[in-house]
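Enquirer: here's my sequence, what's the structure:
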Amino acid sequence: MGKIYAKVPKYRKNIQKVVKACLKKADEGRLQIFGVKSKFQCTTTKGSANFRRHGASKNCKKDGSYGVGAKQANFVYILKKEA
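Expert: Next up is the predicted model:
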């Protein structure tokens, strides 16, 4: 997840707001996959690249069903199209 497509530092302390802001930007850009890195950076990769290559990270923070990656980690979301 090397490409940063947006930054939302004003929500850095609110995991749910960061994820929702990144989701909105991902939807606007018609992305299929996005991640949240460093608690406020919205990241993506081309197509459906294998983002699992490094396995699960211990550097993620969760709030219920929402999560963000801390330093050097991405919490990844895959967008599903509605039928």
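Enquirer: mind listing what the residue nearest to residue 70 when sequence neighbours are not counted touches?
Expert: Once flanking residues are discounted, residue 70 sits nearest to residue 59: 4.3 Å by Cβ to Cβ, 6 or more residues apart in numbering. C-beta: built from backbone N, CA, C; applies to glycine. By Cβ atoms under 8 Å, 6 or more residues apart in numbering, the residues touching residue 59 are 69, 70, 71, 72, 73.
Enquirer: dump the residue contacts of the residue nearest the centre of the chain.
Expert: Taking Cα atoms, centre = their mean, the centroid of the chain lies closest to residue 35, which sits 2.0 Å from it. With contact taken as Cβ under 8 Å, 6+ apart, residue 35 is in contact with 1, 42, 43, 44, 51, 69, 74, 75, 76, 77.
Enquirer: ok, now residue 67?
Expert: Counting by Cβ under 8 Å, 6+ apart, residue 67 has contacts 15, 19, 36, 60, 61, 75.
Enquirer: picking that back up, list phi and psi for the residue nearest to residue 70.
Expert: Dihedral pair for residue 59: phi -100, psi 40, per degrees, to the nearest 10.
Enquirer: gap between it and residue 14?
Expert: Per Cβ to Cβ, to the nearest Å, residue 59 is found 18 Å from residue 14.
Enquirer: switch the contacts of residue 67 over to JSON lines; also include secondary structure, neighbour count and pLDDT.
Expert: Converted to JSON lines, the contacts of residue 67 look like this (DSSP: H, G, I helix; E, B strand; the rest coil; neighbours: other Cβ atoms under 10 Å; pLDDT from 0 to 100):
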{"residue": "15", "secondary structure": "helix", "neighbour count": "19", "pLDDT": "94"}
{"residue": "19", "secondary structure": "helix", "neighbour count": "22", "pLDDT": "95"}
{"residue": "36", "secondary structure": "strand", "neighbour count": "29", "pLDDT": "94"}
{"residue": "60", "secondary structure": "strand", "neighbour count": "17", "pLDDT": "88"}
{"residue": "61", "secondary structure": "strand", "neighbour count": "15", "pLDDT": "89"}
{"residue": "75", "secondary structure": "strand", "neighbour count": "25", "pLDDT": "89"}
